[in-house]
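Enquirer: Sequence and predicted structure are below.
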Amino acid sequence: MKNIVRCPYCAKQVTVENEERSEGFGTIFQTFSCGHTITEEIVALRAPSTGNKFVCRLHLVVCNNGNRAEHSECQYDGAEAVVEIPEERHPVYSRAMEFQKTGVEFLERSNFNAALLDEMGLGKTIQLLLALRHHKEALTPTLIVVKASLKLNWAREMVNNGWVSDKDDPTDYPFILMDGKSSLIPGFKYYIVPMSLLEKYKKELAAFGFKLLLVDESQAFSNTQTKRTVALLEIARNIPHRICASGTPVLNRASEYFPTLNLIKPAHWNNYASFVRQWIEEEQNENGSKKLKGIKPWRRDEFFARTSGYILRRKKRDVLKDLPKFQRHFMVVDISESAVKNAYNQESTLLNNYLNSKAYYEASGFEKAGTILGYMMRMRHLCGIGKAIICVEQAIEFMNQTDDDQKLIIGCHHDDVMDNLKFGLSEYNPVVLGSGIDDLERTRKIEEFKKPNRRICIAKILASGEGLNLQFCSNMIVLERMWNPGKEEQFEARIDRYGQLEPTHADYIIASGTVDEDFSTLVEEKRQICGGSLDPDFDFETNVELLTMLAERAATRRL
């Protein structure tokens, strides 16, 4: 059964009879049953060059015959840095894993009208940005729609991690719409806009002339009646290329995926009622109402065949051979709109006053360290409280986007932060591993966590850094970082240890513009120097020089 659409020329209700891609003409031809044909320009034409080049992944330089030997000793992620990539690809392409490269090629083949539905932890953001990087001229200006808390994380991936932007070119940096008081400034290549601001700025965005729309966490637009979904569809109407990214499988919530299908392929999926009637299985409730379920079992093969050219869904188990054993990922979030803003800024001001006071210059090293540590411990505590709600959102997304046998452990430090997490995730009945429990109680809780219906564990890092064997869990969120980063590595080792059969993944949530970010930067710089593991002497609590360096950075920053 074919989907009924409306011909843009004669306005008749028609079906798509044929769709052909012509590389020679650089065009996709779509013919309707009324006889009319519409065309779509192909962005990613096959490159004329089919040769390869050697690239050093560490330094991102091309190694020709004259200088390849200079990089023979380079190592990247524990392996030889020099690899071979297609001639037409940018050197940063060499840092992507093989399945991510396949994702980039898929987006190109779909002509940038697609849904990338990879499971969490497979790097959807990297794939989207790499595809954009290779076709900047044709796809910019680009509108990137994200959750408000993740707008800075996207900018970090684009600029700091170099997936799209050239660091030496300020004109290649993204514009971030920070809040509802900001103005959209023309002239940028990339615009990062929070979902919450789409309704307010829909007229300006609709008229901006974007060539590509990237929608992250597109399941947030599953309700066609909400203002932000209506605004998104209105904005997208004049954008020729549209990509949605989500970790939620289509089959689990099939009826809610109509906005995504309509967004990326409006000619194929243009009527919600027709979509539900033709494709969605219904269940009769006792009160006579109908409950929508997944794709009709007898039509699943047909659905996947029809959408295979523009929907890509892969799980970790599908790409195990390409995944490194352990991945540490840093998610930079914005807590400037949280309830802790004023309290944090007050502590920062007090710290700045102390660093410029007579008391600081007259104090001994031990006294300085103690006073500075007190200020920063309170600031980091406030960061933990501010990040808790974002962590809850991430955990809920994990529950919705992964299989029922996938489990998640969340590491934090303060009791009130743990209480906030427990409250926010109460519907999932999380297991809580706090301090002050004996070995018998801890063993009982771990056995509870092993049960199929207990998928989330909230653990205090200092109480769970040793003696726990959690090989049955492969996913971790570290909400609050430790002053001694070696404790974090011990906590990571609870899941990344002998007997683990799957690649493990740890997300570190970092509050942008705070001591949290400054601390993480110093720790990772130290980790890089030490070759992957921190030395025993790296301790902020007793190192006055490091504490002062961190304090000077943090004292001048405000949320």
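Expert: Yep, it's here. Residues are numbered from 1 along each chain as shown.
Enquirer: Quick check, Ala395 in contact with Cys412.
Expert: No: the criterion here is CB atoms under 8 Å, and Ala395 misses it with Cys412 at 11.9 Å. (C-beta placed from N, C-alpha, C; glycine too.)
Enquirer: My guess is Asn52 contacts Arg89. True?
Expert: No: with contacts counted by CB under 8 Å, Asn52 stays clear of Arg89, the gap being 9.3 Å.
Enquirer: So which of these two has more stuff around it?
Expert: It is Arg89, of Asn52 and Arg89, that has more neighbours when counted by other CB atoms under 10 Å, with 19 against 13.
Enquirer: what residue ranges in this protein score low on pLDDT?
Expert: Along the chain, the model assigns pLDDT under 70 to residues 1-5, 46-49, 65-67, 250-253, 464-467, 498, 528-539.
Enquirer: Most distant residue from the centre of it?
Expert: In the chain, the residue that sits farthest from the middle, by CA atoms, centre = their mean, is Glu362; the gap is 46.8 Å.
Enquirer: sorry, back to before: between Ala395 and Cys412, what contacts are shared?
Expert: Here Ala395 and Cys412 share the contacting residues Leu421, scored by CB atoms under 8 Å, 6 or more residues apart in numbering.
Enquirer: measure the residue nearest the centre of the chain to Met476 for me?
Expert: The centre of the chain sits closest to Thr125, judged by CA atoms, centre = their mean, with a distance of 5.7 Å. Taking CB to CB, to the nearest Å as the measure, Thr125 falls 19 Å from Met476.
Enquirer: same thing with Met399?
Expert: Distance from Met399 to Met476, by CB to CB: 15 Å.
Enquirer: Val145 now?
Expert: Using CB to CB, we find Val145 at a distance of 28 Å from Met476.
Enquirer: neighbour-wise, which of the two wins?
Expert: More crowded of Val145 and Met476, by other CB under 10 Å: Val145, with 27 against 24.
Enquirer: Just the buried residues of the one helix or strand Gly374 maps to, please?
Expert: Per DSSP states H and E, Gly374 falls inside helix 365-401. Across helix 365-401, burial judged by 16 or more other CB atoms under 10 Å covers 368-369, 371-373, 375-395, 397-399, 401.
Enquirer: Please enumerate the helices of the stretch 151-300 of the chain.
Expert: In the stretch 151-300 of the chain, the helices defined using DSSP state H, counting those that start in this stretch lie at 151-158, 202-206, 227-236, 258-264, 272-279, 300-307.
Enquirer: Gly180 reaches Lys200, doesn't it?
Expert: Yes: between Gly180 and Lys200 there is a contact under CB under 8 Å: 5.5 Å.
Enquirer: More neighbours: which of those two?
Expert: Lys200 (15 against 11).
Enquirer: Could you break the chain into its assigned domains?
Expert: Domains of the chain are assigned by automatic domain parsing as 1-42, 48-87, 90-322, 326-554.
Enquirer: ok, Ala115 - contacts?
Expert: Contacts here follow CB under 8 Å, 6+ apart; on that basis Ala115 touches 218, 243-246, 250, 260-261, 264, 310-312.
Enquirer: should've said Leu205
Expert: Counted by CB under 8 Å, 6+ apart, Leu205 has contacts 143, 184, 193, 198, 235.
Enquirer: what about 7 Å?
Expert: Residues in contact with Leu205 (CB atoms under 7 Å, 6 or more residues apart in numbering) are 143, 193, 235.
Enquirer: cool, and Asn400?
Expert: Thr248.
Enquirer: Also Ile409?
Expert: Counted by CB under 7 Å, 6+ apart, Ile409 has contacts 457, 459, 470, 473, 476, 495.
Enquirer: show me the contacts for the closest residue to it other than its chain neighbours.
Expert: Nearest residue to Ile409, sequence neighbours excluded (CB to CB, 6 or more residues apart in numbering): Cys457, at 4.5 Å. Neighbouring residues of Cys457 by CB under 7 Å, 6+ apart: 409, 430-431, 433, 449.
Enquirer: Pretty sure Cys457 sits in a strand.
Expert: Yes: counting by DSSP: H, G, I helix; E, B strand; the rest coil, Cys457 is located in a strand.
Enquirer: From Gly384, how far off is it?
Expert: Cys457 sits 18 Å away from Gly384, going by CB to CB.
Enquirer: circling back to that earlier point, can you convert the contacts of Cys457 into CSV and add a column each for distance to Glu19 and secondary structure?
Expert: Listed next are the contacts of Cys457 as CSV, based on distance: CB to CB, whole Å; DSSP: H, G, I helix; E, B strand; the rest coil:
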residue, distance to Glu19, secondary structure
Ile409, 46, strand
Pro430, 47, coil
Val431, 50, strand
Leu433, 54, strand
Phe449, 49, helix
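Enquirer: ok, these vs Lys227, which is closest?
Expert: Each of these was checked against Lys227 using CB to CB; the closest is Pro430, at 32.5 Å.
Enquirer: How much space separates that closest one from Lys167?
Expert: 40 Å.
Enquirer: which of the two has more neighbours?
Expert: Between Pro430 and Lys167, counted using other CB under 10 Å, the more crowded position is Pro430 (23 against 10).
Enquirer: That one is in contact with Asn453, isn't it?
Expert: No: with contact defined as CB atoms under 7 Å, Pro430 does not reach Asn453; the gap is 11.4 Å.
Enquirer: now the strands for the stretch 51-200 of the chain?
Expert: Taking DSSP state E, counting those that start in this stretch, the strands of the stretch 51-200 of the chain run over residues 52-56, 61-63, 75-76, 79-80, 82-86, 113-116, 142-146, 175-176, 190-194.
Enquirer: So which elements touch the last one?
Expert: Packed against strand 190-194 by the contact rule (3 or more CB pairs under 7 Å, 6 or more residues apart in numbering; DSSP states H and E) you find strand 142-146, helix 151-158, strand 175-176.
Enquirer: mind putting those in a markdown table, distance to Met331 included?
Expert: A markdown table is the format used below for these (distance: least, CB to CB, whole Å):
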| stretch | distance to Met331 |
| --- | --- |
| strand 142-146 | 12 |
| helix 151-158 | 5 |
| strand 175-176 | 16 |
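Enquirer: any idea which of the ones you listed is most buried?
Expert: When you average the neighbours per residue for each of the helices and strands packed on strand 190-194 (mean count of other CB atoms under 10 Å), strand 142-146 leads with a mean of 25.
Enquirer: Output it in CSV with nothing but the alpha carbons.
Expert: Taking Å, rounded to 0.1, in the frame of the first residue of the first chain, the C-alpha atoms of strand 142-146 are listed here in CSV:
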residue,chain,number,x,y,z
THR,A,142,22.8,25.1,9.1
LEU,A,143,20.2,25.1,11.9
ILE,A,144,21.0,22.8,14.8
VAL,A,145,18.1,22.2,17.3
VAL,A,146,19.1,20.7,20.6
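Enquirer: Give me the sheet partners of that strand and which way each runs.
Expert: Strand pairing for strand 142-146, determined by DSSP bridges: strand 190-194 (parallel), strand 212-216 (parallel).
Enquirer: out of the ones you listed, which comes closest to Thr542?
Expert: Per CB to CB, nearest to Thr542 of the strands paired with strand 142-146: strand 190-194, 40.1 Å.
Enquirer: and the gap between the residue nearest to Ile409 and Leu408?
Expert: For Cys457, the distance to Leu408 - CB to CB - is 7 Å.
Enquirer: I am finished for the moment; much appreciated.
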